[in-house]
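Visitor: Fold the following and give me the result.
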Amino acid sequence: RTFLPNYPIMKSAIIATIIGSAAAFAPAPVAKTTSAVSAFEDELGAQPPLGFFDPFGMLSGDVTQERFDRLRYVEIKHGRICQLAFLGQVVTRGGLH
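Guide: Numbers count the residues shown, from 1 in each chain. Below is the predicted model of the structure:
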């Protein structure tokens with residue numbers, strides 16, 4: 001039995017691969033969303049190209065200035081605690097107990 005390569009199937013597989021890889025570089029459509037979160041687009045820390053970044057959706061629903069300020073305060077407090085913990089780790093590893 002002789003092996004005969006199946007060229008039409010190989011050509012179609014190559015074409016499908018090329019089309020699929022070209023689609024990966026096409027720009028994704030960006031949907032404009034209008035919500036109350038857009039009120040925070042001018043806050044400190046909102047930078048282009050993302051603008052206001054809320055990856056966990058913590059401000060969805062009851063979006064008020066008080067809630068935003070509270071979350072920002074808590075984030076800064078936790079950041080400072082982490083910095084102190086890191087400094088404590090460095091000092092301890094350095095031999096100063």
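
Visitor: all helices for the protein, in order.
Guide: Secondary structure of the chain by DSSP state H: the helices cover 7-24, 65-93.

Visitor: could you dump these to CSV with mean pLDDT, mean neighbour count and distance to Glu43?
Guide: (Each C-beta comes from the backbone N, C-alpha and C, glycine too.) As requested, these are exported to CSV (pLDDT from 0 to 100; neighbours: other CB atoms under 10 Å; distance: least, CB to CB, whole Å):
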stretch, mean pLDDT, mean neighbour count, distance to Glu43
helix 7-24, 77, 9, 34
helix 65-93, 94, 11, 7
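
Visitor: now those helices as CSV including distance to Asp54?
Guide: Rendered in CSV, the data for these read as follows (distance: least, CB to CB, whole Å):
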stretch, distance to Asp54
helix 7-24, 27
helix 65-93, 9
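
Visitor: Of those helices, give the one that comes closest to Gly45.
Guide: With respect to Gly45, and counting by CB to CB, the nearest of the helices of the chain is helix 65-93 at 8.3 Å.

Visitor: So Arg93 versus Gly20, what's the distance?
Guide: Using CB to CB, to the nearest Å, we find Arg93 at a distance of 49 Å from Gly20.
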